[in-house]
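**Student:** here is a sequence with its predicted model. Questions after.
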Amino acid sequence: MTAVPLNREKVNKLIADNKIKSVGKASIREVKKIIDDIEKTMDIRFVRMEMGVPGLPTVKQGVDAQIKALQDGVSAIYPDIYGTAELKYETTRFVKNFLNVDVPEDSCIPVTGSMQGTFAAFMTVARMDEKKNKLLFIDPGFPVQKQQCKILGIDYETFDVYNFRGKKLREKLESYLSKGDIAAMVYSSPNNPAWFCFNEEELQIIGEVANKYDVIVLEDLAYFGMDFRKDYAKPGVAPYQPTASHWAKKYILMISGSKAFSYAGERIGVIVVSPDLYNWHTDYMKKYFTQDTFGRAIVFGSIYALSSGTSHSVQYGLAAVMKACNDGEYDFVEGLKDYQRKAAFMKQALVDNGFEIVYDKDLDQEIADGFYFTFNYPGMTGEETLNELVYYGISAISLDITGSDQQGLRACVSLVPHDLLPVFAERVKQFNIDHKK
Ligand SMILES: Cc1ncc(COP(=O)(O)O)c(C=O)c1O
């Protein structure tokens, strides 16, 4: 393999061929393409941390059940738009077992991934009340969700929560929600990109402020149970995955199959609409929906218009995985701990070589090791760090595109193979030797 740093002229030419001025400003897919090109032409394996793609095999119970469903002929039949009975049933059990939240089966609606869940949610929440038509993103966040807002023509506000953790969150949220034009607020916890996790106090604040201003909480649980500091995988036993749904009246939980169950390829998730929200109706919504409650509008208005439901066979797959979790036969968190081990190693290698972890704390606690982490080289902007790291065979994305005000990069550990971990440590060491002042 070619030694690092790579030949700068050759790398610069490949970057220029991609019509990119700065890798540190490129989108995730653009970074991917540039790195593909460098790998192809320069005999180097990159430590690739730019994409948040799960890297583990799909849970066996899911694949088996999905194959059986296909053999039984479900692919020939349109799925019911509100979901198969099995998946709705297992989701209510899952929500009770792992969040300690009671919801009826009607509340649990399959979607083609959380991505569609947020899209359908945005479309619906912004059309309930003429005056409340904006979203608030508690950032940093998943950049595509802002893209979803843009193409839907929905306005949004955003702030970086870095300096507003704990009790400070209340006043900050009030400053936005008191204006009266926010329909819903959006956040992920564990967070993409920063991997912080809101604690119970913060989630209670989110719920209480939402109730005070009659705002909907959109809680993105794409990384359900993946705060490995706690064991959230024992059914019906505390601790439970923390959630604002214990306090918020109007909420939607997005439970993705992609990361927790490594089911990204089949595009499956479930949204859980709280009963208060499900039954909510307004006169204004009639302009957009024939149905007159939120729950029916999101199913028979938004999801119908988007995809007429969710692929039939994978609903059986996800239901089987959830059943195995609910019955205590499968520990979905145990199988994901490889992400934790890799993150711990990589973060240590960075810190040992002069880098710093950007979002490093959950209030007074060290941030968890997991799917993502954020880092930077002191004295450089995030853009500069990424531009330089590319010469050292390391890729990531800049925090700039995530709504963060901090300088740094997001790294995803999932696609880094174990045999490249020592190579990573060597490369960051070399980087530090070449850059330290
Ligand atoms: C915060 C967040 N939400 C949603 C998604 C997308 O999930 P899905 O694959 O279920 O559409 C991701 C994927 O990276 C994510 O990080």
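**Tutor:** Cool, the structure landed.

**Student:** which residues in the stretch 1-150 of the chain form strands?
**Tutor:** All strands of the stretch 1-150 of the chain, identified by DSSP state E, counting those that start in this stretch, fall at 47-48, 108-111, 134-139.

**Student:** the stretch 201-350 of the chain too?
**Tutor:** 216-221, 251-256, 269-273.

**Student:** the ones you listed: which one's closest to residue 435?
**Tutor:** Nearest to residue 435, of all the strands of the stretch 201-350 of the chain, is strand 216-221, at 35.8 Å by C-beta to C-beta. In this view, the C-beta of every residue, glycine as well, is placed from N, C-alpha and C.

**Student:** just checking: what are the partner strands of the closest one?
**Tutor:** If you go by DSSP bridges, strand 216-221 pairs up with strand 182-188 (parallel), strand 251-256 (parallel).

**Student:** so the shortest one, near the ligand or not?
**Tutor:** Read that as strand 251-256. Yes - using C-beta under 6 Å from any ligand atom, strand 251-256 reaches the ligand at residue 256.

**Student:** please parse this protein into its domains.
**Tutor:** 8-44+336-435, 60-326 (automatic domain parsing).

**Student:** measure residue 194 to the ligand for me?
**Tutor:** Distance, residue 194 to the ligand, by C-beta to the nearest ligand atom, to the nearest Å: 11 Å.

**Student:** can you pull the contacts of the closest residue to that residue other than its chain neighbours?
**Tutor:** Leaving aside its chain neighbours, residue 194 sits nearest to residue 359 (3.6 Å; criterion: C-beta to C-beta, 6 or more residues apart in numbering). Listed by C-beta atoms under 8 Å, 6 or more residues apart in numbering, the contact set of residue 359 reads 140, 162, 191, 194, 195, 196, 367, 374, 406.

**Student:** residue 247: neighbouring residues, count only.
**Tutor:** 18 (other C-beta atoms under 10 Å).

**Student:** state the pLDDT value of it.
**Tutor:** On pLDDT, residue 247 comes in at 98.

**Student:** can you check residue 437 too?
**Tutor:** Confidence score, pLDDT, at residue 437: 86.

**Student:** also residue 29?
**Tutor:** pLDDT for residue 29: 87.

**Student:** next: residue 39.
**Tutor:** 96.

**Student:** how about the residues of the protein near the ligand?
**Tutor:** So far as C-beta under 6 Å from any ligand atom goes, the chain lies against the ligand at 52, 113-115, 142, 188, 192, 220, 222, 256, 258, 264, 269.

**Student:** circling back to that earlier point, dump the domains of the chain to TSV, plus distance to residue 1.
**Tutor:** As requested, these are arranged in TSV below (distance: least, C-beta to C-beta, whole Å):
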stretch	distance to residue 1
domain 8-44+336-435	6
domain 60-326	28
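
**Student:** any idea how far residue 96 is from the ligand?
**Tutor:** From residue 96 across to the ligand, the span is 21 Å (C-beta to the nearest ligand atom).

**Student:** excluding chain neighbours, give the residue nearest to the residue of the stretch 101-250 of the chain found nearest the ligand in space.
**Tutor:** Closest contact between the stretch 101-250 of the chain and the ligand, by C-beta to the nearest ligand atom, is at residue 113 (2.7 Å). Nearest residue to residue 113 in three dimensions, chain neighbours excluded: residue 267, at 4.4 Å (C-beta to C-beta, 6+ apart).

**Student:** the one you found: what's it in contact with?
**Tutor:** Contacts of residue 267 (C-beta under 8 Å, 6+ apart): 112, 113, 115, 116, 310, 311, 314.

**Student:** tell me which entries of those lie within helices.
**Tutor:** Cross-referencing the contacts of residue 267 against helices under DSSP state H gives 115, 116, 314.

**Student:** and of these, the nearest to residue 69?
**Tutor:** Residue 69 has its nearest neighbour among the ones in helices among the contacts of residue 267 in residue 314, at 8.3 Å by C-beta to C-beta.

**Student:** surely that closest one meets residue 265?
**Tutor:** No - Residue 314 lies out of contact with residue 265 (C-beta atoms under 8 Å); the separation is 9.2 Å.

**Student:** mind checking which of the two has more residues around it?
**Tutor:** Under the neighbour definition other C-beta under 10 Å, residue 314 and residue 265 were set side by side, and residue 314 has more, 27 against 12.

**Student:** pLDDT at that one, what is it?
**Tutor:** For residue 314, the pLDDT comes out at 98.

**Student:** this completes my enquiry, with thanks.
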